[in-house]
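[1] Predicted structure and sequence below. I'll ask about it afterward.
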Amino acid sequence: MAPDAPTSAPQNFSEEGFYLREFHGRTLALAVAGGCRAGAPVIGRVLKDLEANHTGVLVLSDRTLEAPELGGIPRLEAGPEPLAARVWRALQASPVLALELPPQDFVAGCHQLALTLGLRKLVWLDEDDGLQRADGSRASFVDLEQIGELRAAGHAQSGERSQLLVEIERALRAGLPEVNLCSPAGLWDELFSYAGSGTLFTRRRYLEVRGLGLDDFSAADALISRGVEEGYLAPRDRAQRDEVLAQASGAFVEGRSLAGVGALLRCGQAGEIACLYTLTRFLGEGVGGHLVEALCERSLTRGDTALFACTTHTRSAAFFERNGFERVAPDLLPDEKWRGYDAGRRERLICLRRLRDS
């Protein structure tokens with residue numbers, strides 16, 4: 001739909017802000033081996049951002065942190081209280097704490113500590129970065145079942161890396177929700193960008209598609225704004241954006257992280273898929289396909305005669321074609337679609353349609 005008064009992304013919108021909202025009020029562990037001089041400026045920047053965000057961080061190391069950017073982190077000392085209580089009280093005074101673990105069982109110790117404290121995320125810093133698939137592409141999202149397959153395919157690269165993957169697998173099976181693996185220099189991108197830089201491990205490939213709840217609107221609105229910024233989605237005024245959010249579904253990884261969004265709008269007797277956008281990090285994970293499948297089911301249930309989508313991108317058009325849509329002339333879509341629509345944009349559109357019996 002052509003907007004009367006286009007809205008752009010909020011001035012304070014950023015990928016970092018999107019993830020900071022997710023981390024707010026939580027605690028994560030950051031495992032660093034050695035003195036961690038490599039990538040220390042990036043790590044220091046990330047820690048400052050998390051501290052300002054009221055996110056607790058336990059920096060786990062096998063030795064005293066040597067880098068100037070990290071040397072001033074308060075250390076958690078031994079005490080008579082149980083470890084969880086000691087960490088909790090110490091975090092009240094300093095949101096970022098350093099905790100030294102024995103070098104001989106550092107890998108297993110980090111995972112056990114994260115499990116003992118009931119943390120949701122452990123971030124491993126490794127110069128070898130994340131994992132790669134057989135075709136050389138980055139494995140940005142790996143579930144528990146895939147870890148063994150990747151190790152068997154020779155992606156461990158070294159004995160130390162193989163042991164790390166074994167411990168990650170054990171930790172996930174024991175209940176740790178997620179583990180990130182990235183290089184020190186890539187930490188900011190891994191935590192705060194849609195593309196990521198390393199590999200995110202989770203217990204299972206759990207992708208839930210459901211309608212948005214009120215508390216999901218902010219994240220979905222941010223995704224749509226990002227799609228508009230990147231030129232994939234058409235700008236919409238406030239009323240049109242509100243209509244989209246009210247009719248949108250989201251794809252949630254692990255039941256909470258919004259990986260994609262798409263809306264099913266009414267257009268005459270047909271349905272229109274609008275504002276379909278997925279995070280770059282989850283490209284290749286089937287997020288878009290799951291969203292389209294769910295929207296098609298909704299369209300079928302409510303009795304739409306057809307379902308259509310419009311895009312100016314050939315890549316997006318190819319995606320819809322892989323999901324059962326066919327290219328059609330614009331005049332085969334409902335007349336309501338073109339009322340007030342920008343003529344110049346209409347000429348650039350690729351229109352795709354899926355009939356009810358398709």
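    Nice, I can see it.
[2] quick one: secondary structure of Y232?
    Classification of Y232 using DSSP: H, G, I helix; E, B strand; the rest coil returns coil.
[3] who are the neighbours in contact with it?
    Shown in contact with Y232 (CB atoms under 8 Å, 6 or more residues apart in numbering): Y277, T311, H313, S316. Yep, even glycine has a C-beta here, placed from its N, CA and C like the rest.
[4] Quickly note the distance from the second one to F325.
    Counting by CB to CB, to the nearest Å, the separation of T311 from F325 is 10 Å.
[5] what do those two both touch?
    The contact sets of T311 and F325 overlap at L352 (CB under 8 Å, 6+ apart).
[6] could you dump the contacts of Y232 to CSV with secondary structure, distance to E51 and pLDDT?
    Converted to CSV, the contacts of Y232 look like this (DSSP: H, G, I helix; E, B strand; the rest coil; distance: CB to CB, whole Å; pLDDT from 0 to 100):
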residue, secondary structure, distance to E51, pLDDT
Y277, strand, 31, 92
T311, strand, 41, 93
H313, coil, 40, 90
S316, helix, 39, 90
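[7] closest to E167 among those residues?
    Lowest distance from E167 to the contacts of Y232 (CB to CB) belongs to Y277, with 35.4 Å.
[8] Would you mind measuring from the closest one to S225?
    Distance, Y277 to S225, by CB to CB: 10 Å.
[9] And for G130?
    When distance is defined by CB to CB, G130 is 27 Å away from S225.
[10] Could you check which of the two has the larger neighbour count?
    G130 (23 against 20; other CB atoms under 10 Å).
[11] State the phi and psi torsions of that one.
    Phi and psi for G130, reported as degrees, to the nearest 10, are phi -80, psi -170.
[12] list the contacts for it?
    G130 touches R138, A139, S140, L181, C182, S197, G198, T199, counting by CB under 8 Å, 6+ apart.
[13] Save those as CSV, and put in secondary structure and pLDDT too.
    Formatted as CSV, those follow (DSSP: H, G, I helix; E, B strand; the rest coil; pLDDT from 0 to 100):
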residue, secondary structure, pLDDT
R138, strand, 78
A139, coil, 80
S140, coil, 81
L181, strand, 94
C182, strand, 93
S197, coil, 88
G198, coil, 91
T199, strand, 90
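[14] Name the nearest of these relative to D237.
    S140 (34.3 Å).
[15] neighbours of G17, just the number please.
    Neighbourhood size, G17 [other CB under 10 Å]: 13.
[16] Same question for the one 10 residues further on.
    Residues near T27, counting by other CB under 10 Å, number 21.
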